[in-house]
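In: Need coordinates for the below:
(one chain, ligands or ions: 3)
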Amino acid sequence: MEFTIKSGSPEKQRSACVVVGVFDNRKPGLSADLIDRASNGYLSEIIRRGDMEGKIGSTLLLHNVPGTLCDRVLLIGLGKEREFREKEFRQATRAAVKLLNETGSYEAVLYLTEEAVKRRDIAWRVEHAVLMAMDAVYRFDRMKSHPEEVRRPLRKLTLSVPQRSDLPAGEAAARRGLAIAHGASLARDLGNLPGNVCTPGYLAEQALAMGKELGFKVQVLERAEIEKLGMGSFLSVTNGSAEPPRFIIMEYFAGAKRSKPHVLVGKGITFDSGGISLKPGPEMDEMKYDMCGAAAVLGAFRSIAEIGAKINLVGLIPACENLPGGRATKPGDVVTSMSGQTIEILNTDAEGRLILCDALTYAERYEPVAVIDIATLTGACVIALGHVASGLLSNTETLARALLIAGEEAYDRAWQLPLWDEYQEQLQSNFADFANIGGRPAGTITAACFLSRFTKKFEWAHLDIAGVAHKSGKEKGATGRPVPLLTRYLLDVASREA
Ligand code: BES
Ligand code: MN
Ligand code: ZN
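Out: Ligands and ions are numbered 1, 2, ... in the order given. Below you'll find the predicted structure:
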C-alpha cells in the first residue's frame, strides 16, 4: 500500500472516500464537524437518528454526502472522547482500513490522524496509522492453492495532518511506520510458515537474501563450523532431528566507524516438540512459532535497514529443530556449552536457553554495548503476563528502562520481572555446573537466571515473547511483535549516539 501525507479540509477532497470520526456522545470529531457544516447538518441528522452512535470501532459508509467532493464518507466510531487514547486510536484506524479494503474504495483520505490523542503528537499518530493500516490488510495465504481474492483492495491511503507545517514530520513518520510494518510483516510471514517450509536452512536463506537486498553482511555457519566453535549446548538440541542446524550472523554497520555494536539474539527453534520430554498433543502445531524470536531479529533488521538508521547492529540466530529420536538428548544428559560451563539437561523441552546460551557467548567477541535476546522461552510467561506484555529481565537497570520506554512508545509493551540472586539457587545441579530447569516456581525468572550465567561480560536484557508473538484459536497467527519495540529502541539508541 502507498501512503501520502496531506493537509486540507475534508469536504474539499476529491477522493473515493473520506474517513472521519464520531465520538460516543454522538459528537462528531473535528473533521466530521467540518463535513457536517459543509453539508448543512447532514451528518448530525444521521447521528441524531441513531445510525452512528460512535461506539469504538463501529462504521457507517455514506454515499453522495451533500457539500462534499468525494464519492463516499466513512464514519468511524471513536468511543468516549475522554477515553480516546492510544488503544482506541489504533483500533479505530484498523477498523477503518479493514472496511475500506473490503468495500470499493481503492484510495481514501483518513482524517482520524487529526484527532487529539493524549501525549501523542502528529508524528506518533501518523506512524501508528500506517502500522494499523498495514496490519489491517495483512493476509497469509501463501500456502493456500486458491487464495481468496480481495476484489478492489485499498491501494493508496492519504493521511491528513492539521497544518502545512506538519507535512515534513508527517512524511518522515509515514516512512518510519512503513519500514516498521515491513519488518513486522516479515516476522509474521516467517512465523506463520509451517515448520516443514520454515526450516533453519530457510531462515538462513531469508537472512542472506535480505542482506543482499539491503546491503549488509550475512554469514551462515553449518554444523561443522558450529562444532568447531564448541557450541555443545546448542548442538545437543539438534540431536534428534534430521534437519541440519544453522547459526546465522548478520552485521549491519551503518553507525560511527569505531563505535561498538548492539547485538540482537533470536531463538530460532523452527519446531519445538519438546524432544524426549515430549509436549502433549493438543496445540502442538503452535510450536512452529518457536522461531518468533529469530523472526523478530530478522524483522528488526529489515526495519532498521529500510530506515537506514545510523547504528552498528549485529544479529545472531541459532536455528534448529527440537525433536525426539534415537540420537536425541535424554533427560539427565550433561553437555558442555561454548563458555565451558557444563549443563545437566533435566528437561529437553527447556531447549531455548540451551541454544541461546551459546549464541550469547559468541556475542562476547563483539565487545557489545548491549545484548538483547528475544525468545518464546517459557509457558510461565504466558501465565504471568498473558498476551499483552513481553516479559523483560535484565542485568542493567538503564537498559531495562530504555526498553520499557520504547515498548510504551511503540505500543508494544514489556513488563519487567526481577532477576534477584535468590532465584539462581533453583538451578542447582548435583552432576553439572547447573541444570537447565529450575522447577515450577518463577519459571520465566529461572529461565533468565540460566541465561544470565552467559552474560556476565556485557549489559544484557532478555525479552520473553512466548505470550505475544502469536495468537491462538480462531485468530491463530503471528503478530510481528516485538519488532515495533525493538525498532523503536534501536532508533532511540541511534539518535542518542549521533
Ligand atoms: N517454546 C516453549 C515455550 C512456550 C510455551 C512458548 C508456550 C510459547 C507458548 C519452551 O521451549 C518450553 O517448552 N519451555 C518449557 C520450559 C520448562 C520445561 C522449564 C515450558 O515453558 O513449559
Ligand atoms: Mn520447549
Ligand atoms: Zn521452545
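In: which element is Ala32 on?
Out: Here Ala32, judged by DSSP states H and E, is contained in helix 30-38.
In: so what does the following helix or strand past that helix touch, helix or strand wise?
Out: Per DSSP H and E, the first helix or strand lying C-terminal to helix 30-38 is helix 42-49. Contacts defined by 3 or more C-beta pairs under 8 Å, 6 or more residues apart in numbering; DSSP states H and E place helix 42-49 against helix 30-38, strand 72-79. C-beta coordinates here come from the backbone N, C-alpha and C atoms, glycine included.
In: please redo it, this time with the cut-off set to 6 Å
Out: helix 30-38 (3 or more C-beta pairs under 6 Å, 6 or more residues apart in numbering; DSSP states H and E).
In: what about the residue lying closest to Val130 once chain neighbours are set aside, neighbour count?
Out: Distances taken as C-beta to C-beta, 6 or more residues apart in numbering put Gly177 closest to Val130, at 3.0 Å, once the chain neighbours are dropped. Residues lying near Gly177 (other C-beta atoms under 10 Å) number 24.
In: immediately after the helix or strand hosting Gly177, which helix or strand?
Out: In the assignment (DSSP H and E), Gly177 maps to helix 167-192. Of the helices and strands lying after helix 167-192 in sequence (DSSP H and E), the nearest is helix 200-214.
In: Run the angle between that following helix and helix 167-192 for me.
Out: 160 degrees (axes from the mean of the first three to the mean of the last three C-alpha atoms, to 10 degrees).
In: per-residue confidence averaged over helix 200-214?
Out: Here helix 200-214 scores 98 as its mean pLDDT.
In: For the helix or strand just after it, which strands pair with it and how are they oriented?
Out: Later in the chain than helix 200-214, the nearest helix or strand by DSSP H and E is strand 217-221. Note on strand 217-221: by DSSP bridges, its sheet partners are strand 246-253 (antiparallel).
In: related to what we said a few turns ago, for the helix holding Ala32, which helices and strands make contact with it?
Out: Of the remaining helices and strands, those touching helix 30-38 by 3+ C-beta pairs under 6 Å, 6+ apart are strand 18-23, helix 42-49.
In: So which elements touch the helix holding Gly177?
Out: Using 3+ C-beta pairs under 6 Å, 6+ apart: helix 167-192 touches strand 2-6, helix 122-137, helix 292-307, strand 477-478, helix 483-497.
In: looking at these, which is buried most?
Out: Compared across these, helix 292-307 shows the largest average neighbour count, a mean of 29 (mean count of other C-beta atoms under 10 Å).
In: what sits against the residue nearest to Val130?
Out: Going by C-beta atoms under 6 Å, 6 or more residues apart in numbering, Gly177 touches 127, 130-131.
In: With respect to ligand 2, which of these is nearest?
Out: Set against ligand 2, the nearest of the contacts of Gly177 by C-beta to the ion is Leu131 (30.7 Å).
In: How far off centre is stretch 317-326?
Out: 24 Å (C-alpha atoms, centre = their mean, to the nearest Å).
In: Which helix or strand in the protein has the lowest average pLDDT?
Out: helix 42-49 (a mean of 94; mean pLDDT, DSSP states H and E).
In: Check what contacts the helix or strand that that one is followed by and list those residues.
Out: Proceeding N to C from helix 42-49, the next assigned helix or strand is strand 59-63, under DSSP H and E. The contact list for strand 59-63 (C-beta under 6 Å, 6+ apart) reads 51-52, 72-76, 99.
In: ok now do Ala95, which residues does it touch?
Out: Shown in contact with Ala95 (C-beta under 6 Å, 6+ apart): Gly57.
In: cutoff 8 Å now
Out: When contacts are counted by C-beta atoms under 8 Å, 6 or more residues apart in numbering, Ala95 touches 57-59, 76, 136.
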